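Undergrad: return a 3D structure for these sequence lines:
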Amino acid sequence: MDLYFLALIPPEIIKQEVKILKEEIRLKYAAKHALKLPAHITLIPPFKLQEKQKTSLLETLTNFTAREEPLEIFLSGFGGFPPGVLFIDVENKEPIIRFYDRLQTVLEDIPGALQKQNKPLHPHITLATRDLKEEFYDRAWNDLKARQYKISFTAAHLYLLWHNGRSWEVYVQFPLQEKKP
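TA: I've put the predicted structure just below:
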């Protein structure tokens, strides 16, 4: 079984800014795990999928995104989940949460594929996770919270990412429909 997850991915300029921040955290605080992933907002965390379920998932996601409009996303400041996660915060969480709720509803139609997520979604872009040692968390957090970061982008695709055995890569991008005039 292969491992996948679903996410929104910012444009290249933001991905590069996020990578620079992740590299800084790696150098200062020896936390490099987040560098294995492109900058993203996780919607559905990693899940295993059998080959026979993949076709159904791809069809479901194609049909779902054909009815969804692009999302305006506003990134603003930083946050954390002590003792080991630091992130760029999303200012306008509600549109993403509503999108996520609709997505979960359609994914329920794929037998045995995905478990409904019971914990609430907290949209963010991770900068450090898993390997940020607890003793470095406060220093890293104090460093980040003193900074300003504010940028927006339009999420025009839903991304299915696949784990290739070493890192995550985009497997399929599903375009969201442009707003009708």
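Undergrad: only C-alpha atoms from now on, for both contacts and neighbour counts.
TA: Noted.
Undergrad: which strand is the longest one in the protein?
TA: Of all the segments of type strand in the chain, defined by DSSP state E, the longest one is strand 71-81.
Undergrad: and it, which strands flank it?
TA: Strand 71-81 has the following strand partners under DSSP bridges: strand 85-90 (antiparallel), strand 150-155 (antiparallel).
Undergrad: hang on, residue 26 packs against residue 19?
TA: No: between residue 26 and residue 19 there is no contact under Cα atoms under 8 Å: 10.3 Å.
Undergrad: any chance you could map the strands in the chain?
TA: Here the chain has its strands, by DSSP E, at 2-8, 41-49, 71-81, 85-90, 124-128, 150-155, 157-163, 168-175.
Undergrad: let me have those strands in TSV, extended by distance to residue 61 and mean neighbour count.
TA: Formatted as TSV, these follow (distance: least, Cα to Cα, whole Å; neighbours: other Cα atoms under 10 Å):
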stretch	distance to residue 61	mean neighbour count
strand 2-8	10	19
strand 41-49	12	17
strand 71-81	16	17
strand 85-90	24	22
strand 124-128	22	26
strand 150-155	15	14
strand 157-163	8	20
strand 168-175	7	16
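Undergrad: let's have the ones you listed in TSV, adding distance to residue 98 and mean pLDDT.
TA: Listed next are the strands of the chain as TSV, based on distance: least, Cα to Cα, whole Å; pLDDT from 0 to 100:
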stretch	distance to residue 98	mean pLDDT
strand 2-8	14	94
strand 41-49	11	92
strand 71-81	11	97
strand 85-90	14	98
strand 124-128	15	97
strand 150-155	14	98
strand 157-163	14	97
strand 168-175	18	96
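Undergrad: nearest to residue 97, out of those?
TA: strand 41-49 (8.7 Å; Cα to Cα).
Undergrad: tell me how far that closest one is from the chain's mean position?
TA: With Cα atoms, centre = their mean, to the nearest Å as the basis, strand 41-49 stands 9 Å off its chain's centre.
Undergrad: same check on stretch 14-27?
TA: Offset of stretch 14-27 from its chain centre (Cα atoms, centre = their mean): 15 Å.
Undergrad: which other residues reach it?
TA: Here stretch 14-27 makes contact (Cα atoms under 8 Å, 6 or more residues apart in numbering) with 31, 32, 34, 35, 38, 39, 127, 128, 140.
Undergrad: pLDDT averaged over that stretch, what's the number?
TA: Averaged across stretch 14-27, pLDDT comes to 97.
Undergrad: could you export that stretch as PDB, CA atoms only?
TA: The C-alpha trace of stretch 14-27 is given here as PDB (Å, rounded to 0.1, in the frame of the first residue of the first chain):
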ATOM      1  CA  ILE A  14       6.100  31.400  -0.900                       C
ATOM      2  CA  LYS A  15       7.500  27.800  -1.100                       C
ATOM      3  CA  GLN A  16      10.900  29.400  -1.400                       C
ATOM      4  CA  GLU A  17      10.400  31.700   1.500                       C
ATOM      5  CA  VAL A  18       9.200  28.800   3.600                       C
ATOM      6  CA  LYS A  19      12.200  26.700   2.600                       C
ATOM      7  CA  ILE A  20      14.500  29.500   3.700                       C
ATOM      8  CA  LEU A  21      12.800  29.600   7.100                       C
ATOM      9  CA  LYS A  22      13.000  25.800   7.500                       C
ATOM     10  CA  GLU A  23      16.700  25.900   6.600                       C
ATOM     11  CA  GLU A  24      17.300  28.600   9.200                       C
ATOM     12  CA  ILE A  25      15.500  26.400  11.800                       C
ATOM     13  CA  ARG A  26      17.600  23.500  10.700                       C
ATOM     14  CA  LEU A  27      20.900  25.500  11.100                       C
END
